[in-house]
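Peer 1: Can you look at this prediction? I've put the sequence above it.
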Amino acid sequence: GKTNTARVDAEVGTTQVTAQLTLRGKCSDGAGPSAVRAISSLLGFGDDTTAFEDRARTDPTIAGLIARRPGLRVSRTIAPFDAVVWSIIGQQISLPFAYQLLRELTELVGSKTPGGMVAMPRAEQVASLEEAPLTARKFSRAKVSYLLGAARMCADGNLDLRALQTGSAVDAYERLLAVRGLGPWSVNYVMMRALGFADCAPIGDAGLRRALQRFFVVTSPITDAQ
């Protein structure tokens, strides 16, 4: 059926978030709660940082980081499939090129919202694509194969991302790692940004290594084990 889309404008204050919901057509009863869930996911409001911060304060080095950013949470994607798309698109290419490909995909099959914005595509929309429109937009054949394969698994119900959110981290890791195109970096990224496993990190990420090197003020490169 036709996808109903909406636009949410949110203003983040010091003590509260104010949001305005704009819909095209008839407003459904679930529109408001859906908007709240979307904002809560983007801002990581589902995570309780208290236990982590209490533990971090016992380490003099980490305590300095927490002191500057109290209450900082990991931002999540609105839909778990969004993280799968980004993890596949962003592999082994520069960040500007990854943004370009994501924009191309979204404009190709994403749903338009009031005000001209375009929502990230759902698994069913990506699964309906053929290879040619993507390769014409500079997607590599390998990336196309991985993206369409993952989308079709999600659309067919063979990969239930939301169910993985409520299971164990080990089960989620093994299930995601079995998907073609998802390696350890991608799996950890999806688990962190989409499924809410806060103790996952994209090990091997070059940006993360540089940030850790700066934070701990070391000259030698940070290894995976560290």
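Peer 2: Yes, it's here.

Peer 1: Point out where the protein drops to low pLDDT.
Peer 2: Applying pLDDT under 70 to the chain flags residues 1-4, 25-27.

Peer 1: what ranges do the helices span in it?
Peer 2: 31-43, 50-56, 60-68, 80-89, 95-109, 123-127, 131-135, 141-156, 161-165, 169-177, 184-190, 206-215 (DSSP state H).

Peer 1: Quick check: which of those is nearest to residue 23?
Peer 2: Of all the helices of the chain, helix 31-43 sits nearest to residue 23, with 5.9 Å by C-beta to C-beta. For every residue, glycine as well, the C-beta is placed using N, CA and C.

Peer 1: now that closest one and helix 80-89, what's the angle there?
Peer 2: Interaxial angle of helix 31-43 relative to helix 80-89 (axes from the mean of the first three to the mean of the last three C-alpha atoms, to 10 degrees): 40 degrees.

Peer 1: what's next to helix 31-43, contact-wise?
Peer 2: 6, 8, 10, 12, 17, 19, 21, 23, 45-46, 73, 75-78 (C-beta atoms under 8 Å, 6 or more residues apart in numbering).

Peer 1: for stretch 136-156, same thing?
Peer 2: Counting by C-beta under 8 Å, 6+ apart, 81, 84-85, 88-89, 91, 100-101, 104-105, 108, 123-124, 126-127, 129, 131, 134-135, 159-161, 179-182 sit against stretch 136-156.
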